[in-house]
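**Q** curious how this folds, go ahead:
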Amino acid sequence: MFRRSKSEAEAVPATSSSKEGGKGRPTPSRREAEAAARARARGPRDRKEAARRQRETRAESSRKVREAMKTGDERYFLTRDKGPVRRFIRDFVDVRFSFVELMIPVLILTMVLGYSGNARLAQTGNLVLMGMLLLVVVDILLMRFRLRRELTRRFPDAPLKGTTYYAITRAMQMKFMRLPKSQVRIGQKLPEHYR
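**A** Numbers count the residues shown, from 1 in each chain. This next block holds a predicted model:
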């Protein structure tokens, strides 16, 4: 049997259990794993334990969904967000500059002008706000027509029911608030195939 001398053993670095990409804990023995599996398979003893297990399961499920919404892992998406058509719609909306992005600064400006005490400035602020709302409506209508054209070109056999509502609700949100998180940058060229 090959044996290392004491100096050779000290020269070899000790491996850390928290290595990069590792699970950070030792692998359980077979006996421990089987005992844990039996404990999970055993039904709850009373109503409180059943409710606790159900809460833990729901919390774990919602944690996975939240994490997937941030990272773009489609396995854990909600049903309304799954599929290549929905992914294309999200990318189509996210790649455009939308006038909705300017709504909060315009609202703040309108509020400041409204509380300035000057009636003329307040009226100007209201006109700016109305003009901005009109721009948002026109922008959304143009987006809808372009989106429908692209969907019929890219997904000729896919049903289009609900796609306009999905796109408009996403477009009406500020970019940093959209879930699932945006996977494209503004102005980026979209891939031709989403299958």
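
**Q** only C-alpha atoms for contact and neighbour calcs from this point on.
**A** OK.

**Q** distance from the chain centre to the longest helix anywhere in the chain, please.
**A** The longest helix of the chain (DSSP state H) is helix 119-154. Here helix 119-154 is found 25 Å from its chain centre; the criterion is CA atoms, centre = their mean, to the nearest Å.

**Q** and it, what does it pack against?
**A** helix 84-94, helix 103-114, helix 163-171 (3 or more CA pairs under 8 Å, 6 or more residues apart in numbering; DSSP states H and E).

**Q** what's the average pLDDT for that helix?
**A** What helix 119-154 shows for mean pLDDT is 92.

**Q** stretch 91-108 too?
**A** Mean predicted confidence for stretch 91-108 is 90.

**Q** now the end-to-end length of it.
**A** From its first residue to its last, stretch 91-108 covers 29 Å (CA to CA, to the nearest Å).

**Q** off-centre distance for it?
**A** 18 Å.

**Q** now do stretch 81-93
**A** Relative to the chain's own centre, stretch 81-93 is displaced by 12 Å; criterion: CA atoms, centre = their mean.

**Q** show residues contacting it.
**A** 74, 80, 147, 151, 155, 158, 163, 166-167, 170-171, 180, 182-184, 190, 194-195 (CA atoms under 8 Å, 6 or more residues apart in numbering).

**Q** ok, stretch 60-79 next?
**A** 82, 179-181, 183.
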